[in-house]
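S.K.: need coordinates for the below:
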Amino acid sequence: MRFVLLNVAATLVLCAPFAGAQNRGVPNALELAAKIDAHYNHLRTLRLNFSENYRGMGMNRAETGTLQLAKPGKMRWEYSKPSGKLFLLNGQFAYSWAPGDGQVQKIRSARLDDLRSPMRLLLGRTKLEKELSNLAIAPTETLGVWRLIGTAPALKDRIQRITLTAKQDGTLLGIEIVEMDGSETRFEFSNEQDNAAPAPGAFEFHAPEGVPIIEVKPPREH
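M.R.: Below you'll find the predicted structure:
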C-alpha cells in the first residue's frame, strides 16, 4: 500500500466557459464549479458509497466501500472490498492499513498527497474556479450530468487529465485522474447522505493488535 504523491487539491481545474452553453440551457464550467461549491461548503458531515478503480502498471484493481467526511478535514474510507482495508484521516494524521500488511502507515496530513485527499475539500470553504484552470465541459449519456475535463498545471509532469462528473445541481458522482504514464484512477460515488451523523469514534484509529504504526515520509523527503 502506498501514499500516492499527488496533491489533487491543486489539480481539479475549472475555467473557460463552454461557448454558447447558456443559450442552450447547458451549464458552463464556472457555473457548475459554483454549484459544486454551494452544494458542499455548507455541510458539516457527509456519507456516501464509493467504488475505486485503478488501471495501470499491469494492474487492474477494483475496490468498494463507504466514505465518511466531517469538518475540519476528517475522512474515513472503510473498504468492504477488500474487507478490512481502512484509510483514515483525523485532521492531523492519515493512517493506511489492509489485512496482511505488516505495519500501519502513518503520515502527517500536511504531507499527504493521496488520490483520496481531494474529497476532504468538499467540506471546506472552497472556490474551485480559483484552484483550477483550463477546463472544458462535456455532456454524458445521462441527462443533467456533466463532465468537467481539465489539466493540472502545477502537476503537469505527473497528471495528464482530470475529470469531475457532476449533476447539474453540483452533486459529484465521480472523479477520474489520468497520470502521464497512462494509469487511471476512477472514483464513483452513490447514496450521498448530507449531514449524516458519524458513528462515535469514526475518526479515531486503533491499530490491530500486534501491528506497529510507522510514520512515513513522501519519497521526496527521504
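
S.K.: going forward, measure contacts and count neighbours with C-alpha atoms only.
M.R.: Will do.

S.K.: how near is the residue nearest to A138 when sequence neighbours are not counted to I177?
M.R.: Once flanking residues are discounted, A138 sits nearest to R147: 5.1 Å by CA to CA, 6 or more residues apart in numbering. Distance, R147 to I177, using CA to CA, to the nearest Å: 13 Å.

S.K.: re earlier: is it true that the residue nearest to A138 touches I162?
M.R.: No: R147 is beyond contact range of I162, at 9.8 Å (criterion: CA atoms under 8 Å).

S.K.: for the helix-or-strand element of the chain with minimal mean pLDDT, buried residues please.
M.R.: Counting by mean pLDDT, DSSP states H and E, the chain has its least confident helix or strand at helix 128-131, which shows a mean of 72. Going by neighbour count (16 or more other CA atoms under 10 Å), the buried part of helix 128-131 is 128-129.

S.K.: now that helix - C-alpha only, CSV.
M.R.: This file holds the C-alpha atoms of helix 128-131, laid out as CSV (Å, rounded to 0.1, in the frame of the first residue of the first chain):
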residue,chain,number,x,y,z
LEU,A,128,-12.9,25.8,-7.3
GLU,A,129,-12.6,28.4,-10.0
LYS,A,130,-9.6,29.8,-8.1
GLU,A,131,-7.9,26.5,-7.5
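
S.K.: who does the helix or strand following it touch, helix- and strand-wise?
M.R.: Downstream of helix 128-131, the next assigned helix or strand under DSSP states H and E is strand 136-139. The helices and strands touching strand 136-139, judged by 3 or more CA pairs under 8 Å, 6 or more residues apart in numbering; DSSP states H and E, are strand 145-150.

S.K.: how about the helices in the protein?
M.R.: Remark: helices assigned in the chain by DSSP state H are 29-40, 128-131.

S.K.: is the residue nearest to A138 in a bridge, and if so with what?
M.R.: A138, T165 (DSSP bridges).

S.K.: neighbours of it, how many?
M.R.: Other residues near R147 number 22, with proximity taken as other CA atoms under 10 Å.

S.K.: any idea how far it is from G174?
M.R.: R147 is 9 Å from G174, by CA to CA.

S.K.: so what sits against both of those two?
M.R.: Taking CA atoms under 8 Å, 6 or more residues apart in numbering as the contact rule, the neighbours common to R147 and G174 are 164-166.

S.K.: wait, F189 sits on N49?
M.R.: Yes: between F189 and N49 there is a contact at 5.7 Å, judged by CA under 8 Å.

S.K.: mind listing residues that contact stretch 205-222?
M.R.: 3, 5, 88, 95, 102-107, 111.

S.K.: let me fix that, I meant to ask about stretch 96-105.
M.R.: With CA under 8 Å, 6+ apart, stretch 96-105 has contacts from 1, 82-88, 95, 106, 207, 211-216.

S.K.: can I get that stretch in CSV, CA atoms only?
M.R.: C-alpha atoms of stretch 96-105 as CSV (Å, rounded to 0.1, in the frame of the first residue of the first chain):
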residue,chain,number,x,y,z
SER,A,96,-3.5,3.4,5.9
TRP,A,97,-3.8,-0.4,6.6
ALA,A,98,-5.1,-3.5,4.9
PRO,A,99,-5.3,-7.1,6.2
GLY,A,100,-2.0,-8.8,5.5
ASP,A,101,0.1,-5.6,5.9
GLY,A,102,2.9,-5.9,8.4
GLN,A,103,2.5,-2.3,9.6
VAL,A,104,0.2,0.7,9.6
GLN,A,105,1.5,3.6,7.5
